[in-house]
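Engineer: no sequence on this one, just coordinates:
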């Protein structure tokens, strides 16, 4: 047991080396297609923090599918209408884990019905958070690259146009739309909420993990001339890094290799960083590390229990040490990714003051997790660099925490 826990603990030297390699991979992704870190241009500008307007927002991720009609003003958001439903938790999500059980038509009609219920207007701007690997077009539509997070739906390609078409059955028209990843939505939301930072990062650590950042157009060397149309060289463009696909091979353990061996051959070398970090995989890693007998004794079933159960088991006499080691490693790996992105940003006079808009249940609902991320990151930063988690404001009327993804999605829908 002690030896196993040791294989899950990363030294400061390993963390520094890994952070440098992530930085190099980000730069390679900005320059070339099909790198480990894809660095997918989002064709969205850094928003003016004082913009205002109304837009429908749809969020389709690994955990939730939800829709709202949002009013944004000066970096805050107000839900004008919100159906409060998370259809992705229903039978649809369960069936979508089996290939062939959910059709593309059913997938988009479910989303269209949610939007039609949430948005009272017949015509609206739409920000569509599609949280699966996708290539954004200059027209701000998106082509699915591949499914992840256990979901498989056949015959899905261009997602934004498919949703707009599905909405016509509900007598809804879309005046303009933008498809964006949830990580990019967090990035845009952070830019609206905390514009004082010199650099910004959108971070997701929940069911999956990913990062997004703003880069000057001239640093995104792989952009073709036609893709630069309408952009100035020094303008900041949002980039969805798809950083979960990075392979931190020499920092992984035999448990990670055993997890890979349980997957179809074509998936074993994909998303290796995400598989070591995110909530959807932590229960499987814990089960493989501890063994069937220990899991049975603790009442732990990885097929049933999620990451929250792994967090609870940190105090278990049999599984606690491994559960804690897996969570600590997850936080440390997230810190190395953040450090790599910060290093990839060009320096500015006065150093880098980085604001991180973080979303995801693993990050926020695991006691001590965010503190460990920031503490590990602080040890990786260069002199003159600082990084802080952006505080999410609360709605003055309800007292509830505002969802920055609604702000980010509305910003995308209403941007030039």
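Structural biologist: It's in. Not measured: the values here are computed from a predicted model.

Engineer: if I look at residue 136, how far off is residue 207?
Structural biologist: Counting by CB to CB, to the nearest Å, the separation of residue 136 from residue 207 is 21 Å. The way it works is simple: take the backbone N, C-alpha and C, and place the C-beta from them, glycine included.

Engineer: ok, residue 146 next?
Structural biologist: According to CB to CB, residue 146 stands 16 Å off from residue 207.

Engineer: the two: which has the busier surroundings?
Structural biologist: Regarding residue 146 and residue 207, a neighbour count based on other CB atoms under 10 Å identifies residue 207 as having more, with 23 against 13.

Engineer: my read: that one touches residue 132, true?
Structural biologist: No: using CB atoms under 8 Å, residue 207 is not in contact with residue 132; the gap is 11.2 Å.

Engineer: anything in contact with each of those two?
Structural biologist: Counting by CB atoms under 8 Å, 6 or more residues apart in numbering, the residues touching both residue 207 and residue 132 are residue 149.

Engineer: got the contact list for the lowest-mean-pLDDT helix or strand in the chain?
Structural biologist: Lowest mean confidence among the helices and strands of the chain (mean pLDDT, DSSP states H and E): strand 76-82, at a mean of 77. Strand 76-82 is contacted from outside by 54, 66-72, 118-120, 193, 393, 395, 397, 402-403, 406-407, 410, using CB under 8 Å, 6+ apart.

Engineer: in the helix or strand following it, what counts as buried?
Structural biologist: Sequence-wise, the next helix or strand downstream of strand 76-82 (DSSP states H and E) is helix 91-96. Residues of helix 91-96 classed as buried by neighbour count (16 or more other CB atoms under 10 Å): 92, 93, 96.

Engineer: and these, which is closest to residue 8?
Structural biologist: residue 93 (30.0 Å; CB to CB).

Engineer: distance check, the closest one against residue 146.
Structural biologist: Counting by CB to CB, the gap from residue 93 to residue 146 is 18 Å.

Engineer: what's the answer for residue 19, then?
Structural biologist: 27 Å.

Engineer: swap in residue 354?
Structural biologist: Residue 354 sits 30 Å away from residue 146, going by CB to CB.

Engineer: low-confidence stretches in the stretch 201-350 of the chain?
Structural biologist: Residue ranges of the stretch 201-350 of the chain with pLDDT under 70: 348-350.

Engineer: apart from its chain neighbours, what residue comes closest to residue 124?
Structural biologist: Among residues not flanking residue 124 along the chain, residue 56 sits closest, at 4.6 Å (CB to CB, 6 or more residues apart in numbering).

Engineer: that neighbour falls within a helix, correct?
Structural biologist: No: secondary structure of residue 56 (DSSP: H, G, I helix; E, B strand; the rest coil): strand, not part of a helix.

Engineer: and the helices in the stretch 151-300 of the chain?
Structural biologist: Ranges of helices within the stretch 151-300 of the chain are 159-168, 182-193, 254-261, 272-277, 282-290, 292-298, based on DSSP state H, counting those that start in this stretch.

Engineer: now do the SS call for residue 340.
Structural biologist: Going by three-state DSSP, the secondary structure assigned to residue 340 is helix.

Engineer: now the closest residue to residue 46 other than its chain neighbours: how far from residue 198?
Structural biologist: Computed as CB to CB, 6+ apart, the closest residue to residue 46 that is not its neighbour in sequence is residue 236, at 4.5 Å. Using CB to CB, residue 236 is found at 11 Å from residue 198.

Engineer: which one's more surrounded, these two?
Structural biologist: Taking other CB under 10 Å, residue 236 and residue 198 do not tie; residue 236 has more neighbours (19 against 15).

Engineer: name the nearest residue to residue 187, ignoring sequence neighbours.
Structural biologist: Per CB to CB, 6+ apart, closest to residue 187 is residue 202, 3.1 Å.

Engineer: helix or strand for residue 112, which one?
Structural biologist: Using DSSP H and E, residue 112 sits within helix 104-118.

Engineer: how far off strand 76-82 does that helix point, in degrees?
Structural biologist: Counting by axes from the mean of the first three to the mean of the last three CA atoms, to 10 degrees, helix 104-118 lies at 100 degrees to strand 76-82.

Engineer: show me what helix 104-118 is packed against.
Structural biologist: When contacts are defined as 3 or more CB pairs under 8 Å, 6 or more residues apart in numbering; DSSP states H and E, helix 104-118 sits against strand 52-60, strand 65-73, helix 91-96, helix 159-168.

Engineer: of these, which is nearest residue 286?
Structural biologist: helix 91-96 (22.3 Å).

Engineer: so what touches the closest one?
Structural biologist: With CB under 8 Å, 6+ apart, helix 91-96 has contacts from 65, 87, 101, 102, 106, 107, 110, 151, 152, 153.
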